[in-house]
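1. predicted coordinates and the sequence they were generated for:
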Amino acid sequence: MKFRLAAMALVTTSSTLAATAAHAQEAAPPPALLPALSGPLSYNPDPVSVDVAGSKIYVSAIGSGYVGTQSNTTPGVDSSFADLSNAQVIVQKPEGTFQFLVQAGLYNQETLGAAFVKSTDYTSNSYGVVPQAWIKIAPSANFNVQAGILPTLIGLEAPFTFQNINIERGILWGQENVMTRGVQANVTAGKLSFSLAYTDGFFSGKLNWLSGIASYVDGPHTLSVVVGGALSKNYRSTFNTPVVQNNSTMVNVIYSYSGSKWLVQPYFQYAWVPDLPQLGTTKAENFAVGLLAKYKIDDNWSLPVRFEYIDTNRPSATAANFLYGPGSNAFTFTVTPTYTWQRFFVRPEFSYVRAGSITPGAAFGATGLKKEQVRGRLEFGVMF
């Protein structure tokens, strides 16, 4: 009798362990989905997936709209608007030796201090309806190579509103490239990671940019050094290929602390551009500092803020213009209280820009003489 009970207990225990293991396998979280998010917005913890040839393909989506108003608006731009900020689908295979990501739809990438452009025009004039698409070959967990339309390595903020703690990107982000076409290699070695990219810089179509990043991660602390720039001169000029910035060299030093309540990210940025004889401009540089921070109030509310200052050098009367005229500077402040509930979010935003040492006609207002701009935004949406 004792033997029979023991046998029954053994069978029961084995069945329980098997069921527990099966449940754990079913409940295993999906891999980290891309593009990366700074929060407080997050992807669906149970994303849609389909099995294709033994591999999982994940499908995510973001739908969001926003309304806004601003003072001292640019001629031809309404002082108030309502528009889509995102209507995108992301399809990706983030596991295995062969991986890929395709992101498609409408979007807007507003920048402080730059004129508002509606999302349909922004999408068609910038990176098109497929702003990001790449393949990745990952022969090991510590090494991979990507090729396609990639986000830049430079800077702290990411291209799309749902990736960032603020709706609008900052004025430092306005000096950096955003999406770029080329190839990128990534290596991790313990707490260190390295990436090197050979691309077309500011989406110029000419492969003449080399960028690299080295990062050290120790628990909640990350320190990154980024260097990138043009290897040769390129005078192409389009909506997303500004000539001065596309011929520049940039350096970032970025520190990040990510705790249970706080995200704190101070960073330094330096940019330099050489003489550009075909433009008639001579060398110039700018120095900038930024501080991004987010405090998690509770499971639904958070409070992100951003401070920035950028100052450009004017060594001669013909110096290149990075901002509001050669030698100009600017200060910005942004606050974006955010409420999230399940897959939904809403976040109002207030921002302020103050420019100094402007060139008449290059700043804000109907005549470009105003030195200040105040903006209000309200974004709302859902992440599937």
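-> On my side now, so go ahead. What you see is a predicted model, and the numbers here were worked out from it, not measured in a lab.

2. CA only for contacts and neighbour counts going forward, please
-> Fine.

3. do a quick rundown of the strands in the stretch 201-350 of the chain.
-> 209-218, 221-230, 249-258, 262-273, 284-296, 301-312, 329-335, 338-341, 344-356 (DSSP state E, counting those that start in this stretch).

4. next, format the ones you listed as TSV and append mean neighbour count and distance to Val183.
-> Output for those, formatted as TSV (neighbours: other Cα atoms under 10 Å; distance: least, Cα to Cα, whole Å):
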stretch	mean neighbour count	distance to Val183
strand 209-218	18	10
strand 221-230	20	14
strand 249-258	20	19
strand 262-273	20	23
strand 284-296	20	28
strand 301-312	21	31
strand 329-335	22	34
strand 338-341	18	36
strand 344-356	20	35
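
5. could I get those as CSV with distance to Phe239?
-> Formatted as CSV, the strands of the stretch 201-350 of the chain follow (distance: least, Cα to Cα, whole Å):
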stretch, distance to Phe239
strand 209-218, 18
strand 221-230, 18
strand 249-258, 20
strand 262-273, 19
strand 284-296, 22
strand 301-312, 22
strand 329-335, 22
strand 338-341, 31
strand 344-356, 22
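
6. in JSON lines: those strands, plus mean pLDDT and distance to Ile62.
-> Converted to JSON lines, the strands of the stretch 201-350 of the chain look like this (pLDDT from 0 to 100; distance: least, Cα to Cα, whole Å):
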{"stretch": "strand 209-218", "mean pLDDT": "98", "distance to Ile62": "29"}
{"stretch": "strand 221-230", "mean pLDDT": "98", "distance to Ile62": "28"}
{"stretch": "strand 249-258", "mean pLDDT": "98", "distance to Ile62": "25"}
{"stretch": "strand 262-273", "mean pLDDT": "98", "distance to Ile62": "23"}
{"stretch": "strand 284-296", "mean pLDDT": "98", "distance to Ile62": "22"}
{"stretch": "strand 301-312", "mean pLDDT": "98", "distance to Ile62": "20"}
{"stretch": "strand 329-335", "mean pLDDT": "98", "distance to Ile62": "22"}
{"stretch": "strand 338-341", "mean pLDDT": "98", "distance to Ile62": "14"}
{"stretch": "strand 344-356", "mean pLDDT": "98", "distance to Ile62": "10"}
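
7. right, and these - which one's nearest Val52?
-> Smallest distance to Val52 across these (Cα to Cα): 29.5 Å, for strand 344-356.

8. sorry, back to before: what's the closest of the strands of the stretch 201-350 of the chain to Asn72?
-> Judging these by Cα to Cα, what sits closest to Asn72 is strand 344-356, at 11.0 Å.

9. tell me the average confidence for whatever helix or strand comes next after the closest one?
-> Using DSSP states H and E, the next helix or strand after strand 344-356 towards the C-terminus is strand 372-383. Confidence over strand 372-383 (mean pLDDT, whole number) is 98.

10. what angle sits between strand 372-383 and strand 344-356?
-> 160 degrees (axes from the mean of the first three to the mean of the last three Cα atoms, to 10 degrees).

11. dump the C-alpha coordinates for strand 372-383 into CSV.
-> Extracted in CSV, the C-alpha atoms of strand 372-383 (Å, rounded to 0.1, in the frame of the first residue of the first chain):
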residue,chain,number,x,y,z
GLU,A,372,11.1,83.0,-28.6
GLN,A,373,8.6,80.2,-29.3
VAL,A,374,6.2,78.5,-27.0
ARG,A,375,4.5,75.3,-28.1
GLY,A,376,1.7,73.1,-26.7
ARG,A,377,1.0,69.6,-27.9
LEU,A,378,-1.4,66.8,-26.9
GLU,A,379,-0.7,63.3,-28.2
PHE,A,380,-3.0,60.3,-27.7
GLY,A,381,-3.0,56.8,-29.1
VAL,A,382,-2.7,53.1,-28.7
MET,A,383,0.2,50.6,-29.1
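
12. and Gly361, what does it touch?
-> By Cα atoms under 8 Å, 6 or more residues apart in numbering, the contact set of Gly361 is Thr367, Gly368, Leu369.

13. if you rank those by neighbours, which is first?
-> Gly368 (18 neighbours; other Cα atoms under 10 Å).

14. can you pull the pLDDT of the residue nearest to that one when sequence neighbours are not counted?
-> Distances taken as Cα to Cα, 6 or more residues apart in numbering place Gly361 nearest to Gly368, at 3.9 Å, with adjacent residues excluded. Note on Gly361: pLDDT of 95.

15. and what of Leu276?
-> Leu276 is given a pLDDT of 97.

16. correct me, but it touches Thr282?
-> Yes - judged on Cα atoms under 8 Å, Leu276 makes contact with Thr282 at a distance of 6.0 Å.

17. still on that earlier bit, wait, which of the strands of the stretch 201-350 of the chain is closest to Ser55?
-> Closest among the strands of the stretch 201-350 of the chain, once you apply Cα to Cα, is strand 344-356, at 29.1 Å.

18. next, the angle from the closest one to strand 301-312.
-> Angle, strand 344-356 to strand 301-312, by the same axes, to 10 degrees: 20 degrees.

19. strand partners (parallel or antiparallel) of strand 344-356?
-> Applying DSSP bridges, strand 344-356 is found paired with strand 329-335 (antiparallel), strand 338-341 (antiparallel), strand 372-383 (antiparallel).

20. name the residues that touch it?
-> With Cα under 8 Å, 6+ apart as the test, strand 344-356 has contacts from 41, 112-113, 166-167, 324, 328-340, 363, 371-383.

21. any chance you could map the helices in the stretch 1-150 of the chain?
-> Per DSSP state H, counting those that start in this stretch, the stretch 1-150 of the chain carries helices over the ranges 2-26, 119-125.

22. comparing the ones you listed, which gets the lowest mean pLDDT score?
-> Lowest mean pLDDT within the helices of the stretch 1-150 of the chain: helix 2-26, at a mean of 41.
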